[in-house]
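Trainee: A structural model of the following input is requested.
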Amino acid sequence: MINISILPSSVATKEHIAVPSVIMGVVSIEVQDEQKVYKELSHKLIELETSLNYSLQTVNEIEKMVNQMIIAIDEKHELLLRCEWLVTMSEIKDKIDKITSLEDIKSARAKLSHVQTCPLKKQLMEQLEQKEANLEPVEVILSSKAALVEAIFESGNETFINLGSAGREYVLEEVLANGKGTIEETIANAVALEASVQAAKQSSSTAELSQVLESLPLQHFGNIPTEYVEEVLQSLLDNANWNGLFQLDLQIKHTVTQVYRKHNPVQEGPLTTLVIDEKMIEKLGVQQL
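Mentor: Purely as a prediction, here's the structure:
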């Protein structure tokens, strides 16, 4: 017989020890009520969001508690975003006295644009606006070339404007190479250039036309594939209907395209497509035909 009196005894107390239960090898632990946690942390953030002064350390502590949430994911993302806004405002507030340039003001504004409306954001935006108003206007000093172009465009001279970018650059280099070019000299050179373009129509042979075109600032003439040069020149002679440097350049470009298609016909079919390799596209000087 077992002597029960000598067995160790236990005394019941109110102390509770939480022991995880094991079901089929899976440890089950009690999970905190995250909706309750969300409400508590949200309330703390509201207090910070409605204040002009708050501690960044407090924000970091809240952020740590938010990161412990594992079930209420949407609520977690919301709280983290609000923490991020508070950090952004705190950083801008700390360095706002050092913001002195328009670039820095724009950068700070861009960051604040993502922050929800609150008293501190409003205060920071007002301070940035005041700083911008106090900035002295920066005087823009144009180069001789830029000043000349601006003056000619303001004069509204169509001859210079209609030359196209390559033609205008050519004329500007001419007049500026001889010193400080004037509006009158630039316009005169533009008129002379257009006269040379018109004179090209009177060429009696492809060789003569080629010589004239080589002297002109044409973007697409130098890109004609060697095997098509003669045919393109003959087509230009037969259809000398351009009116100005820019139109001549476009006509050369379109003529090269036509000649290429003539020698590289596309097979007919429901999905007829013109396929040109990269090397040929580079020669033609076009991206799409």
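
Trainee: can you pull out the helices in this protein?
Mentor: Secondary structure of the chain (DSSP state H): helices located at 34-49, 56-66, 73-95, 102-112, 119-134, 144-155, 158-161, 164-177, 183-199, 206-214, 229-238, 245-263, 278-284.

Trainee: right, so of these, which gets closest to residue 220?
Mentor: helix 245-263 (4.4 Å; CB to CB). Bear in mind the C-beta positions are built from the backbone N, C-alpha and C, glycine included.

Trainee: Would you mind pulling up the elements that the closest one packs against?
Mentor: helix 164-177, helix 183-199, helix 229-238, helix 278-284 (3 or more CB pairs under 8 Å, 6 or more residues apart in numbering; DSSP states H and E).

Trainee: avg pLDDT for the longest one?
Mentor: Per-residue pLDDT values across helix 183-199 average out to 93.

Trainee: can you state the direction angle for it and helix 245-263?
Mentor: On the basis of axes from the mean of the first three to the mean of the last three CA atoms, to 10 degrees, helix 183-199 is oriented at 30 degrees to helix 245-263.

Trainee: Contacts for helix 183-199 next, please.
Mentor: 148, 151-152, 155, 157, 159-160, 163, 167-168, 170-172, 174-175, 212, 215-217, 242, 244-245, 248 (CB atoms under 8 Å, 6 or more residues apart in numbering).

Trainee: Run a quick neighbour tally on residue 259.
Mentor: For residue 259, the neighbour count with other CB atoms under 10 Å is 20.

Trainee: oh sorry, the question was meant for residue 77
Mentor: Neighbours around residue 77, by other CB under 10 Å: 12.

Trainee: Poorly predicted segments of the stretch 51-200 of the chain, please.
Mentor: 138-139, 180 (pLDDT under 70).

Trainee: repeat that with 90
Mentor: Across the stretch 51-200 of the chain, residues meeting the criterion (pLDDT under 90) sit at 72, 100, 133-147, 150, 153-157, 161-162, 164-166, 174, 177-181.

Trainee: give me every residue that touches residue 84.
Mentor: Residue 84 neighbours (CB under 8 Å, 6+ apart): none.

Trainee: sorry, back to before: and of the helices of the chain, who's closest to residue 223?
Mentor: Nearest of the helices of the chain (CB to CB): helix 278-284, 5.1 Å.

Trainee: Give me the distance between residue 234 and residue 207.
Mentor: 11 Å (CB to CB, to the nearest Å).

Trainee: Comparing the two, which residue is more hemmed in?
Mentor: For residue 234 versus residue 207, neighbours defined as other CB under 10 Å are more numerous around residue 234 (15 against 10).

Trainee: which residue sits closest to that one, ignoring its sequence neighbours?
Mentor: Leaving aside its chain neighbours, residue 234 sits nearest to residue 206 (5.6 Å; criterion: CB to CB, 6 or more residues apart in numbering).

Trainee: Buried ones in stretch 118-127, by neighbour count?
Mentor: For stretch 118-127, burial by neighbour count (16 or more other CB atoms under 10 Å) applies to 118, 120, 121, 124, 125, 127.

Trainee: If you could redo that for stretch 140-148, that was the one I meant.
Mentor: Those would be residue 148, for stretch 140-148 by 16+ other CB under 10 Å.

Trainee: hmm, back to that, can you tell me which of the contacts of helix 183-199 are buried?
Mentor: 148, 152, 157, 159-160, 163, 167-168, 170-172, 174-175, 216-217, 242, 244-245, 248.
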